[in-house]
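In: Quick one, what's the 3D model for this:
(one chain, ligands or ions: 1)
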Amino acid sequence: MRLTIQDIKQMKQRGDHIAMLTAYDYTTAKLVEGAGVPIILVGDSLGNTMLGYESTIPVTMEEMLHHTRAVVRGTQRALVVGDMPFMSFQVDDKEAVRNAGRFLQEGGAQAVKLEGGGPVLAAVRRMVEVGIPVMGHLGLTPQSINQLGGYKVQGKTPEAATRMVEDALALEKAGVFSLVLECVPTPLAKLITERLSVPTIGIGAGPFCDGQVQVVHDMLGLFTDFTPKHAKRYAELGEAIKQAVAAYVREVSEGSFPTDKQSYSMDESLLEALYGAPTQKR
Ligand code: KIV
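Out: Presented below is the predicted three-dimensional model:
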């Protein structure tokens with residue numbers, strides 16, 4: 001049985017910390033779920049980690065749906081959240097609801113996430129009304145990078161902090177079941193967490209959020225184009241992959257791979273009867 005948004009909300013009420021992680025493909029999703037992650041976000045960060053774009057701006061609905069389907073196929077228990085890409089929800093509310101619905105209908109996700117506060121409230125309200133669970137996202141919203149002028153911590157001035165608290169409360173009122181806070185100073189994230197009844201999920205927002213989210217490629221050392229301060233490396237899989245591949249290249253060029261262990265045998269006399277004795281033995 002898959003976890004539901006009610007299970008996630010109850011985690012806050014019980015004081016459980018929520019460990020959310022991104023995944024973008026079948027194999028990783030299976031591993032991530034197997035390790036006990038309750039919420040998997042198919043983040044538009046796949047634009048960087050899977051597709052090699054410089055930002056998340058070019059990511060399309062079709063790309064998001066393609067990866068969401070793969071993650072859903074790799075999971076049975078985790079709540080899968082599809083991240084709405086740039087321009088899939090900003091143009092008008094009808095289009096936003098239709099695209100959110102595609103994540104559930106065509107992608108198989110159980111919820112969507114979308115970035116922003118005031119301007120997205122009406123769309124969020126309508127999504128929730130028609131039965132689409134929504135996760136909010138405030139603070140550093142990478143789809144607005146051109147407006148924000150870079151990947152910077154948000155909410156540091158009194159005006160910005162006040163706006164973020166108001167946006168968080170308004171999103172909760174609009175019906176979000178949880179809220180991502182990205183690159184938000186610890187005291188502000190703590191205050192928002194205390195004021196909301198739905199869980200906050202922080203990334204670069206300190207230890208007082210109800211949950212944490214990391215980009216799986218960052219935490220496993222797979223993506224090294226840039227490493228944000230808030231990313232913690234739990235493994236060096238990039239290095240491990242390089243070493244394994246180099247060993248393979250070496251063994252193939254030396255002729256020591258494959259061995260009998262990786263080969264299939266047959267009765268050689270059968271071939272001899274057809275073609276005569278072999279001319280070359282390895
Ligand atoms: O796209 C993503 O991976 C995200 C998380 C960093 C929250 O939005």
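
In: burial of the residue of the chain found nearest the ligand, as a residue count?
Out: Relative to the ligand, the nearest point of the chain is residue 43 (2.3 Å; Cβ to the nearest ligand atom). Bear in mind the C-beta positions are built from the backbone N, C-alpha and C, glycine included. Other residues lying near residue 43 total 29 when counted by other Cβ atoms under 10 Å.

In: same check, this time on the one 3 residues further on
Out: Residues lying near residue 46 (other Cβ under 10 Å) number 26.

In: pLDDT score assigned to it?
Out: Residue 46 carries a pLDDT score of 98 in this model.

In: Distance from the chain centre to stretch 67-87, please.
Out: 8 Å (Cα atoms, centre = their mean, to the nearest Å).

In: so is the closest residue to residue 197 other than its chain neighbours in a helix, a strand, or just coil?
Out: If the residues on either side of it in the chain are set aside, residue 197 comes closest to residue 172, at 6.9 Å by Cβ to Cβ, 6 or more residues apart in numbering. In three-state terms, and counting by DSSP: H, G, I helix; E, B strand; the rest coil, residue 172 is helix.

In: List the contacts of residue 172.
Out: 179, 196-198 (Cβ atoms under 8 Å, 6 or more residues apart in numbering).

In: and the residues you listed, which of them are in strands?
Out: residue 179 (DSSP state E).

In: give me every residue that touches the residue of the chain closest to the ligand.
Out: 22, 24, 83, 113, 215.

In: 10 Å instead?
Out: Residue 43 makes contact with 20-24, 49, 56, 59, 64, 67, 81-83, 113, 137, 142, 180, 203, 213, 215-216 under the criterion Cβ atoms under 10 Å, 6 or more residues apart in numbering.

In: From the residues you listed, pick out the ones that also neighbour the ligand.
Out: 22, 83, 180, 203, 213, 215 (Cβ under 6 Å from any ligand atom).

In: As JSON lines, those residues with neighbour count, distance to residue 36 and pLDDT would be great.
Out: Converted to JSON lines, the ones next to the ligand among the contacts of residue 43 look like this (neighbours: other Cβ atoms under 10 Å; distance: Cβ to Cβ, whole Å; pLDDT from 0 to 100):
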{"residue": "22", "neighbour count": "27", "distance to residue 36": "16", "pLDDT": "98"}
{"residue": "83", "neighbour count": "28", "distance to residue 36": "22", "pLDDT": "98"}
{"residue": "180", "neighbour count": "28", "distance to residue 36": "20", "pLDDT": "98"}
{"residue": "203", "neighbour count": "25", "distance to residue 36": "19", "pLDDT": "98"}
{"residue": "213", "neighbour count": "27", "distance to residue 36": "15", "pLDDT": "98"}
{"residue": "215", "neighbour count": "24", "distance to residue 36": "18", "pLDDT": "98"}
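
In: Let me have those residues in CSV, extended by secondary structure.
Out: Shown next, in CSV, are the ones next to the ligand among the contacts of residue 43 (three-state DSSP):
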residue, secondary structure
22, strand
83, strand
180, strand
203, strand
213, strand
215, coil
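
In: Show me which of these is closest to residue 265.
Out: residue 22 (44.3 Å; Cβ to Cβ).

In: ok, and the closest non-adjacent residue to that closest one?
Out: In space, residue 22 is closest to residue 43, 4.3 Å off (Cβ to Cβ, 6+ apart).

In: how close does the one you found get to residue 127?
Out: 18 Å (Cβ to Cβ, to the nearest Å).

In: Ok, residue 212 next?
Out: The separation that residue 212 has from residue 127, given Cβ to Cβ, amounts to 25 Å.

In: Looking at the two, which one has more neighbours?
Out: Ranked by neighbour count (other Cβ under 10 Å), residue 212 and residue 127 place residue 127 first, with 28 against 20.
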